[in-house]
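Enquirer: missing the sequence, but the structure's below:
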DNA sequence: TATGAATGAGGTTTCATTCAT
DNA sequence: AATGAATGAAACCTCATTCAT
């Protein structure tokens, strides 16, 4: 008599949630919170306006949950570097390309939006403060230190080095998207030059 | 109390316009178009809400006129480099510090906002397309070429070099503001390393 | 497992209807029409949202059918007084206690809600007009007249007496519920004093 | 050059506020919070929807400020009794008529709505708890005690007496409005009988 | 010119009701 | 019969812009 078994339901629900999150991520990352209308997200997700609120309590909650996810994913990406083979600088290159790659960058762009835009919900701001920058710096610290010892990276306070490197990438990430086709440049090498010893 | 003569009136009028523009620049640069309310601009300018509309037809017009001005000022700043004494890389350093300096950066930030934000009026977008990037590149081209010939800058297509350099600065500009005190880093040197020959 | 026969099906159906009505009565009586969400009724009834609509076409219909039932029950309660032994004032006391008793009052509260709240469906209003007050007055008229003749009740137009008495009870009913524990007062005696001859 | 002097402005503003409050009081008192649409208040006040928000931050704030005012006014009405000449029961009769009089009752109705309806803002609830009932009881306590000593009122705990008396009036107040023309009865005398010694 | 009240279009959110399974 | 996802109308609220003075 039950219309759908529990597993099927959960599957559908999870699928919908992902579908909505994917749509929201795309739009939020590109347009920021204020530039994003819930109706657009609904449209992109191919669902009705009201259904959004079946899955997320509010625009703020949706945005915040994406920020949370973005932070997690970013950390995973950074942690995974240590599993790769290669010299420190090579690993950093992988990370850089990953961030600058449009297809994977929405998460980084979202974080950028959350950091630099107006209208970001308080909770998202707290997430950023808790996790961000310092956390990322700590994650990359061993890698950069190793790079410095190997003489691959420039000297100086590694914390500052990483912070600056991430800031530049964060900025470039946005420039890179937006449909702004400034120039298709091999940016990776240039960014690396900031931190690489010649 | 004799009524003001025409010149005085014009002076007052111009003064008001500048006053409004200064306020608007500050707010737009920090909060973007969508994050900026006309009422806030009025408040910062110390005038009433309605008076804004005596001087600027609309929010869009106000924003666009600021973008125009920002482009002009940026060009002036770049052109003025050629009047300085010093090697190319030294001149580029001056420009970089100028851009990264918070107090002078609102214009650069505004341009960044205009390039990367949602809700930018069509006319402002056209301005950006007309003038921007290519124009700036052309302005800096002699300087960068000179730098390459002098062996101070890395080799490669100078257009790409400049575009990338400006993109990074554009991104950093926003990071730099926003009260985001991520880290107080001597960014200038690091940014320069992207383009400087070791 | 043999399929259920028709009678069993009907029984199930009726049972469900009662289950829903009981839930709805409780919630409507406490929160009024506008304060009551269909989803809450479903939850209280322990069924799904959609199933409500298999048994009742709409919120309005559900509410209206409850009002109908409440009217009927109230009349039954009043009619049953005549079967009791005791003096008129004693019977009225029984009725009063019955109405003020929280556990039995939902029906009276519902009628109160229907009379005094916004958003009451037209059909429920018609029911109230058709049946209410005048009907109740007529039901109680013999009792009150008898009481007056016995010198137990104050004199005056018995219709007015009853109307006022019921109005007061109606008002108290709501005060009494709502979790408003203003004061635990032996209200019955005081209310009776309004109509009882000293 | 100033368009209107400050006094004129304040006058206009105050007038508007009162106009809005009057409209809101009327509608809230009759329909409760949930039954009242901001657009209706605007319509009744003869202004645009948006202007409401120029004067009151939200529906909740508007409602709450009215509740505050209603509490104040009620207290004033009760305090003023002590300035009247006459016996205690005569003063209580004045109060009763005042409350039951339709024209002055909106305030009492609003308080009733705030006490008994769903959707009442938290702040309004706090106001009710702070001030209500106990405060009113204390205000009337001397009067009722005096009445008891004079043998005009029935005996018993005066707190309970007052609480019950006010509850009945509160309930009647709503019945009385709503366009429910149940019966035009001389209710005052009947209500008084609840508390008056014969 | 200058003010701040006033308007109204448009965005967010809720919830009765319908639909697919 | 039963479920819970899905829809869409309608309410609240914001803010660019206009208006009366």
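Expert: Great, that's in hand. Nothing here was measured: the structure is a model prediction, and the numbers come from that model.

Enquirer: Which one of the residues in chain A is closest to chain B?
Expert: Residue nearest to chain B within chain A: residue A:171 (1.4 Å; CB to the nearest CB). (Each C-beta comes from the backbone N, C-alpha and C, glycine too.)

Enquirer: Near that residue, how many other residues are there?
Expert: 24 (other CB atoms under 10 Å in any protein chain shown).

Enquirer: Residue A:76 now?
Expert: 9.

Enquirer: Work out for me the element it sits within.
Expert: helix A:59-81 (DSSP states H and E).

Enquirer: so who does residue A:57 touch?
Expert: By CB atoms under 8 Å, 6 or more residues apart in numbering or on different chains, residue A:57 lies in contact with nothing.

Enquirer: Could you tell me whether it really is in a helix?
Expert: No - going by DSSP: H, G, I helix; E, B strand; the rest coil, the assignment for residue A:57 is coil, not a helix.

Enquirer: orientation of the lowest-mean-pLDDT helix or strand in chain A relative to helix A:59-81 in degrees?
Expert: Within chain A, no helix or strand scores below helix A:158-176, which has a mean of 84 by mean pLDDT, DSSP states H and E. Orientation check (axes from the mean of the first three to the mean of the last three CA atoms, to 10 degrees): helix A:158-176 against helix A:59-81 gives 120 degrees.

Enquirer: List phi and psi for residue A:196.
Expert: Residue A:196 adopts backbone torsions of phi -90, psi 140, taken as degrees, to the nearest 10.

Enquirer: Run through the bridge partners of it.
Expert: residue A:153 (DSSP bridges).

Enquirer: That one is in contact with residue A:87, isn't it?
Expert: No - under the criterion of CB atoms under 8 Å, residue A:196 makes no contact with residue A:87, lying 10.9 Å away.

Enquirer: Counting neighbours around each, name which of the two comes out higher.
Expert: residue A:196 (18 against 12).

Enquirer: ok, is stretch A:6-25 in contact with DNA strand F or not?
Expert: Yes - part of stretch A:6-25 sits near DNA strand F under the criterion CB under 7 Å from any atom of the strand, namely A:9, A:12, A:13, A:16.

Enquirer: what angle sits between the host helix or strand of the first one and helix A:158-176?
Expert: Going back to what we said before, that points to residue A:9. In this assignment (DSSP H and E), residue A:9 forms part of helix A:6-35. Helix A:6-35 and helix A:158-176 are oriented at 90 degrees to each other (the same axes, to 10 degrees).

Enquirer: quick revisit: now flag whichever of the residues of stretch A:6-25 next to DNA strand F is closest to residue B:49.
Expert: Among those, residue A:16 lies closest to residue B:49 (CB to CB), at 43.7 Å.

Enquirer: Next one: that closest one from residue D:21, what distance?
Expert: Residue A:16 sits 46 Å away from residue D:21, taking CB to CB, to the nearest Å as the criterion.

Enquirer: Which of these two has more residues huddled nearby?
Expert: residue D:21 (19 against 15).

Enquirer: Look at the closest residue to chain D within chain A and say how many residues are nearby.
Expert: Distances between chain A and chain D by CB to the nearest CB are smallest at residue A:58, namely 16.6 Å. Residue A:58 has 12 neighbours, counted by other CB under 10 Å.
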